[in-house]
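J.: 3D, please:
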Amino acid sequence: MKMRSAVPNSGGVVKSLRTLVVAAFWLVFVGAACLSLAADRPGKPGRPPAPPLVQRICPLVITPDRVRPHVEYLASSALAGRDGVGAEKAAEYITRAFRESGLSPLFGQSYSQPIPDSGEPEGKQPVIGRNIGAIWPGSDPQMKHEVILLGVHYDHLGIRRGQIHPGADDNASGVAMMLETARLVSKLPVKPRRSIAFVGFDMEEELLYGSRWFAAHPPFPMSDIKLMVTADLIGRSLGDLPLPLVFLFGAEYGVGMEEMVARVGVPTGLEVGRLGVDFIGTRSDYGPFRDQRIPFLFFSTGEHPDYHTPRDTADRIDYDKLAGISSLMSTLILQVADAPACPAWNTSPQPDLEEARTMERITDVMLAEEAAGHRKLSSTVRFVASQTLSKTRYMRERGVLTAEERVWLRRSAQFLLISAF
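T.: From the prediction side, this is the model:
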């Protein structure tokens, strides 16, 4: 992944309490109709959530103890940074998980889509990677050909300069979310109307080669994909700031997508910060789908100091946060898969005041951290952060973000992402 990240690791007691609160929050949401999934939802009743998007499908709850083993294995030394032989082992692991969940192969009779070396002559192209895919067919005869695609990359940097780059957050965290979503979807007592496809993309670290190959050689018409959802780095925090924040990009390109996300509700202790994807450019596997005007959502907690280093290890993941984001994403995917209609492509996104609120939140914490002596900002970064905080606070109080202000806000955000994190 290529961006910058947000959330602190808490102490053991705080993490345990937060886990119980998150699980309790979702249990109230599920209610009596979801007792068949109770084994995956420990906890006591908590605060009632926002009204659900669709009543007949239960929200999914993913707990830290479910995502942790996936991350620990994928980021282990045995997989050598998930490149070469390590990537093959990761592909086998994902395939086995799909098969054990009862999902059907996505590529005909196979879970594997070979990626050839396009630089070689036709007929002599060696396989240099593999996308791994499965599908859970929808229940509605009129809608089951429509697909909600959850795709995340599983490759990483491998061994460089003699050191393993584990890639726990980039992107074992996203793979863990996908595998647990697939597992719980397959256990639902009621199938969603649309089909849900799950894809582990290979070679994201090489100019999105895996997802670009998939988009050029899809197992079904690309027009059947009604929403593409991806995640990259969802287990840490932007610059290790103490922010319980996950960034959401791309909602602006789906008509009514912001409202769909808001109505699903957010687990206690987690915040969603919306930003336009033009704030970061093409940073992960949504790129090939966006280019074909397929509505998409990209979730990320952003880059941190351990990004693309040997320090991106499994012990540094905030598993409570990862579980909360995974629960949010899986429930949203499920609800859209069962909705009467899916969001159409929005050709003219408008300025979104939530972008100002997100940047206000970030800069407020940045400056508070410096004032408390927890980090040092350069004079230029401090000035830009102070200006951004002041102006976004004014925008929020006024209740309007103009097109001209958004241009300024995007440039300020890009400067801070490059300079401060």
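
J.: buried set for stretch 302-311?
T.: Along stretch 302-311, these residues count as buried under the neighbour rule (16 or more other C-beta atoms under 10 Å): 302, 303, 304, 306, 307, 308, 310. Where C-beta positions appear, they are placed from N, C-alpha and C, glycine not excepted.

J.: The fourth one should be in a strand, yeah?
T.: No: checked against DSSP: H, G, I helix; E, B strand; the rest coil, residue 306 lies outside a strand; its state is coil.

J.: Surely residue 365 is within a helix?
T.: Yes: for residue 365, which was evaluated using three-state DSSP, the result is membership in a helix.

J.: can you pull the contacts of it?
T.: When the contact criterion is C-beta atoms under 8 Å, 6 or more residues apart in numbering, the partners of residue 365 are 241, 242, 243.

J.: Strands along the chain, start to end?
T.: Along the chain, the segments classed as strands by DSSP state E run 104-105, 112-116, 127-136, 147-153, 158-160, 163-165, 195-201, 225-231, 245-249, 271-275, 296-300.

J.: Residue 250 and residue 296 touch, don't they?
T.: Yes: with contact defined as C-beta atoms under 8 Å, residue 250 and residue 296 form a contacting pair (4.6 Å).

J.: between those two, what contacts are shared?
T.: Contact with both residue 250 and residue 296 is made by residues 286, 290, according to C-beta under 8 Å, 6+ apart.

J.: neighbour count winner among the two?
T.: Set residue 250 next to residue 296 and count neighbours by other C-beta atoms under 10 Å: residue 296 wins out with 27 against 24.

J.: hang on, isn't the more buried one packed against residue 252?
T.: No: because the distance of 10.5 Å does not satisfy C-beta under 8 Å, residue 296 is recorded as not touching residue 252.

J.: what does stretch 72-84 contact?
T.: In this structure, residues lying in contact with stretch 72-84 by C-beta under 8 Å, 6+ apart are 86-87, 89-90, 93, 154-160, 164-168, 172, 175-176, 312-314.

J.: Check stretch 336-352 too.
T.: With C-beta under 8 Å, 6+ apart as the test, stretch 336-352 has contacts from 53-54, 56-57, 138, 146, 148, 192-196, 226-227, 252-258, 260, 274, 276, 293-295, 401-403, 405-406.

J.: May I have the distance across that stretch, first residue to last?
T.: Start to finish, the residues bounding stretch 336-352 are 22 Å apart (C-alpha to C-alpha, to the nearest Å).

J.: Now do that stretch: distance to the chain's middle.
T.: In terms of C-alpha atoms, centre = their mean, to the nearest Å, the gap separating the centre of stretch 336-352 from the centre of its chain is 18 Å.

J.: taking the mean pLDDT, what do you get for it?
T.: The average pLDDT for stretch 336-352 rounds to 95.

J.: Next, the buried residues of that stretch.
T.: The neighbour-count check on stretch 336-352 (16+ other C-beta under 10 Å) flags 336, 337, 338, 339, 342, 343, 346, 351, 352 as buried.

J.: ok, of the contacts of stretch 336-352, which come out buried?
T.: Of all the contacts of stretch 336-352 considered here, the ones buried according to neighbour count by 16+ other C-beta under 10 Å are 53-54, 57, 138, 146, 148, 192-196, 226-227, 252-258, 260, 274, 276, 294-295, 401, 405-406.

J.: from those residues, which ones fall inside helices?
T.: With DSSP state H as the criterion, helices contain 257, 258, 260, 405, 406 from among those.

J.: I'd say the third one and residue 334 touch.
T.: No: with contact defined as C-beta under 8 Å, residue 260 does not count as touching residue 334 (11.9 Å).

J.: got a list of contacts for stretch 385-394?
T.: With contacts defined as C-beta under 8 Å, 6+ apart, stretch 385-394 is touched by 356-357, 359-360, 363-364, 366-367, 377, 405, 408-409, 412-413, 416, 420.

J.: Can you pull the residues that touch both of residue 260 and residue 334?
T.: Shared contacts of residue 260 and residue 334 (C-beta under 8 Å, 6+ apart): none.

J.: dump the residue contacts of the residue lying closest to residue 137 once chain neighbours are set aside.
T.: With sequence-adjacent residues excluded and distances taken as C-beta to C-beta, 6 or more residues apart in numbering, residue 137 is closest to residue 195, at 5.1 Å. Remark: with contacts taken as C-beta under 8 Å, 6+ apart, residue 195 is in contact with 135, 136, 137, 138, 144, 145, 146, 147, 148, 337.

J.: Tell me how far residue 195 lies from residue 150.
T.: As defined by C-beta to C-beta, to the nearest Å, residue 195 lies at a distance of 11 Å from residue 150.

J.: Spell out which residues sit in contact with residue 409, please.
T.: Residues in contact with residue 409, defined by C-beta under 8 Å, 6+ apart, are 355, 356, 359, 388, 391, 392, 401.

J.: Most neighbours among those residues, please name it.
T.: Comparing these by number of neighbours (other C-beta under 10 Å), residue 392 comes first, having 26 neighbours.

J.: and the closest residue in space to that one that isn't next to it in sequence, how far is that from residue 207?
T.: Taking C-beta to C-beta, 6+ apart as the measure, residue 392 lies nearest to residue 360, with 3.8 Å between them; neighbours along the chain are not counted. Counting by C-beta to C-beta, the gap between residue 360 and residue 207 amounts to 34 Å.
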